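**Student:** Structure for this input, please:
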Amino acid sequence: MWALALPLAYLLGTFPSALLIARAHGIDITTFGSGNPGASNVTRALGWRRGVWVFVLDAAKGAIAAGAGLWLDGRAGGYLFGAAAVLGHVAPATRRFRGGKGVATGGGVILVMLPVVGATVIVLWWVVTRLTGKAAIGSIVAVVAAGVGMAIRGAPAWEFGVAVGLCLLILSRHLGNVRRILRREEHAAGAAGWAVEAPAGENRP
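**Tutor:** Have a look, this model is predicted:
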């Protein structure tokens, strides 16, 4: 069962939400803005509504994988399958291992495994991103907050360790963002907090 289910969780994570939504509107998202196939970059290209769709779809990948693992083998299975989905998102074999940052997919995993912490982290990501205009700052704060939330909750050591491992994987995908933030060159999430103009030929969402 595991030999089949884990690869399926990974494959679920590779589902290219951002690429498909952007392509449907005539954009190759890997050549736009930061080039990252994620919700933030889609927001820059096509506006916040389509960006939210990408975020929801990416979060669903993590939530479905974690939920399946939870059903099959309890909390250990939930984290393991969720981690496989996150890995599929950030390093998809279908796209030469060039994927997204894993924030939304990881958020979906935490939302299933720790609903209160997960919901708090997602809201915190949104608020910080709106206030700073930088999705990367919101992502970094949210990932750190997830670890803090688990510590406050008093999660078992193994569970805390797995979650921290996921957080470190996601943070490692943001090293370039950190360097750009320090140089004050980080891409904005969108003018006036997500209210970006659509590309030529597109109506503003």
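**Student:** Got the phi and psi for Gly107?
**Tutor:** Taking degrees, to the nearest 10, you get phi -60, psi -40 for the backbone angles of Gly107.
**Student:** Just the helices from the protein, written as ranges.
**Tutor:** In the chain, the helices defined using DSSP state H lie at 2-13, 17-24, 39-46, 48-90, 103-113, 115-132, 135-153, 157-172, 175-182, 191-194.
**Student:** out of these, deepest packed?
**Tutor:** Among the helices of the chain, helix 103-113 has the highest mean neighbour count (mean count of other C-beta atoms under 10 Å), at a mean of 28. For the C-beta atoms, the positions are set from N, CA and C on the backbone; glycine is no exception.
**Student:** pull the helix or strand with minimum mean pLDDT from this structure.
**Tutor:** Using mean pLDDT, DSSP states H and E, helix 191-194 stands out as the lowest-scoring helix or strand of the chain, at a mean of 38.
**Student:** now this protein, which segments are flagged as low pLDDT?
**Tutor:** Scanning the chain for pLDDT under 70 picks out 1-3, 185-205.
**Student:** Go ahead and confirm Trp126 touches Ser139.
**Tutor:** No - contact between Trp126 and Ser139 fails when scored by C-beta atoms under 8 Å: they sit 10.8 Å apart.
**Student:** Ala146 versus Ala37, what's the distance?
**Tutor:** Just to correct that, residue 37 is Pro rather than Ala. As judged by C-beta to C-beta, to the nearest Å, Pro37 and Ala146 stand 22 Å apart.
**Student:** no, scratch that, I was asking about Gly99
**Tutor:** From Gly99 over to Ala146 (counting by C-beta to C-beta), the distance is 20 Å.
**Student:** again with Gly107
**Tutor:** Gly107 is 8 Å from Ala146, by C-beta to C-beta.
**Student:** Now do the shared contacts for these two.
**Tutor:** 118, 121 (C-beta atoms under 8 Å, 6 or more residues apart in numbering).
**Student:** how many other residues sit next to the spatially closest residue to Phe97 that is not a sequence neighbour?
**Tutor:** Nearest residue to Phe97 in three dimensions, chain neighbours excluded: Ala91, at 4.4 Å (C-beta to C-beta, 6 or more residues apart in numbering). Ala91 sits with 19 neighbouring residues when counted by other C-beta atoms under 10 Å.
**Student:** Now for Ala91: which residues touch it?
**Tutor:** Listed by C-beta under 8 Å, 6+ apart, the contact set of Ala91 reads 97-99.
**Student:** ok, now how distant is it from Ala59?
**Tutor:** Ala91 sits 18 Å away from Ala59, going by C-beta to C-beta.
**Student:** what about Ala91, distance to Ala146?
**Tutor:** 20 Å.
**Student:** got it, and Ala104?
**Tutor:** Distance from Ala104 to Ala146, by C-beta to C-beta: 13 Å.
**Student:** And for Tyr10?
**Tutor:** In this view, Tyr10 and Ala146 are 21 Å apart by C-beta to C-beta.
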